[in-house]
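In: no sequence on this one, just coordinates:
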């Protein structure tokens, strides 16, 4: 690979060097990694951190090539490089903190422990901004999730299920269970500025469980459950899933104990191939399109409604779920999210057949 020639800043006049420093700092503040900026400008990577330290000590004036003096810098370029690499590339757990997300106080302690320099919260805030770092909502992933199992599911296990389904003409469903509670609320509400609104409840909480299953064709099946969901209840749901089925059913669920129970295995074996059960990798709810059913129900069905009894809440849930059953395009959309798009390829042959049939009808064939 051809090595990028470094810019010799000593050969630049004061005006050109000042402008180069300003452009470098601006690029970092816009969110570009200091390492990438250094490479793009053709300067040593330690130089960009020196410039950031100059800016931190005296603002834009400190970047002028003829400028000297100013207040003594607390953090030099080398120290700022270390802070950037730790915050941007490491998890707080790796630095012996008990919390998994970086906070201003944690970064203050980090700097104090490393360099014996005490910075205020405002100073650390400015430092992070100058390094092009910002507070962002992270993507959550289950700590116990096994990356190898996840990769195996996406590359081997699921494609195998897809091929088997195509060969046997089976319809694939993703299933899941969820509980709904009377004290769940979502969304926002209007209130006087500076006064946090309070949602009142009776204190008498109630709820129940639901089992559902969805297919990429847009089908939705569900069942209301009183009490816990055990192996017997799960079998009852699978019996319902088979009612009216003209082709084999492949059901994909998580590793809940009720799904792996002996009586469930025995019942499935007795169905002589009418239904097969497959398990998702552990701690991977994001791979299950059926999880989005609960999100839809809780945010659009229950979260903004008022109900005073369990029966009233149940009527709202049933009404919303039946409405979803009449909206196959919404169900199909659950299979097109970033974490579930891997399932979409399952019905490519089906879609192609529909397109060919539609074209034939248009041509009068």
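Out: Done, it's in. Predicted model, so just to flag it, every value in this text is computed and none were measured.
In: just give the nearest non-adjacent residue to residue 279, would you?
Out: Take residue 279 and drop its neighbours on the chain: the residue closest to it by CB to CB, 6 or more residues apart in numbering is residue 255, 5.2 Å away. The way it works is simple: take the backbone N, C-alpha and C, and place the C-beta from them, glycine included.
In: could you pull out the helices in the stretch 101-250 of the chain for me?
Out: Using DSSP state H, counting those that start in this stretch, the helices found in the stretch 101-250 of the chain span residues 104-115, 121-130, 147-152, 158-168, 231-242.
In: name the helices or strands packed onto the last one?
Out: Using 3 or more CB pairs under 8 Å, 6 or more residues apart in numbering; DSSP states H and E as the contact criterion, the secondary-structure elements in contact with helix 231-242 are strand 207-215, strand 220-225, strand 249-253, helix 262-269, strand 275-279.
In: state the mean pLDDT of the last one.
Out: The pLDDT scores in strand 275-279 average 98.
In: in this structure, what helix or strand scores lowest on average pLDDT?
Out: When the helices and strands of the chain are scored by mean pLDDT, DSSP states H and E, helix 348-362 comes last with a mean of 47.
In: between the helices of the stretch 101-250 of the chain, which gets nearest to residue 177?
Out: With CB to CB as the criterion, residue 177 lies closest to helix 231-242 of the helices of the stretch 101-250 of the chain, at 8.1 Å.
In: angle of the closest one against strand 275-279?
Out: On the basis of axes from the mean of the first three to the mean of the last three CA atoms, to 10 degrees, helix 231-242 is oriented at 120 degrees to strand 275-279.
In: contacts for helix 231-242, please.
Out: With CB atoms under 8 Å, 6 or more residues apart in numbering as the test, helix 231-242 has contacts from 173, 175, 211, 213, 221, 223, 225, 227, 249, 251, 258-259, 261, 263-264, 267-268, 271, 274-275.
In: by how many degrees do that helix and strand 207-215 diverge?
Out: Using the same axes, to 10 degrees: helix 231-242 against strand 207-215 is 40 degrees.
In: so where's the stretch 251-365 of the chain shaky on pLDDT?
Out: Filtered on pLDDT under 70, the stretch 251-365 of the chain yields the residue ranges 303-306, 345-365.
In: no wait, the stretch 101-250 of the chain
Out: Short version for the stretch 101-250 of the chain, where the test is pLDDT under 70: 136-143, 183-204.
In: swap in 50 and give it another go.
Out: Confidence mapping of the stretch 101-250 of the chain against pLDDT under 50 gives the ranges 190-193, 195.
In: could the helices and strands packed on helix 231-242 go into CSV alongside distance to residue 325 and mean neighbour count?
Out: Shown next, in CSV, are the helices and strands packed on helix 231-242 (distance: least, CB to CB, whole Å; neighbours: other CB atoms under 10 Å):
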stretch, distance to residue 325, mean neighbour count
strand 207-215, 10, 21
strand 220-225, 5, 18
strand 249-253, 17, 22
helix 262-269, 25, 14
strand 275-279, 20, 17
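In: select, out of those, the one closest to residue 340.
Out: strand 207-215 (10.2 Å).
In: skip the chain neighbours and tell me the closest residue to residue 56.
Out: Nearest one to residue 56, counting by CB to CB, 6+ apart, is residue 130 at 5.6 Å.
In: quick check, the one you found in contact with residue 29.
Out: Yes. Using CB atoms under 8 Å, residue 130 makes contact with residue 29 at a distance of 6.5 Å.
In: which residue ranges make up each domain of this structure?
Out: Per automatic domain parsing, the domain ranges recorded for the chain read 9-130, 147-185+204-362.
In: I'm done for today, thanks for sticking with me.
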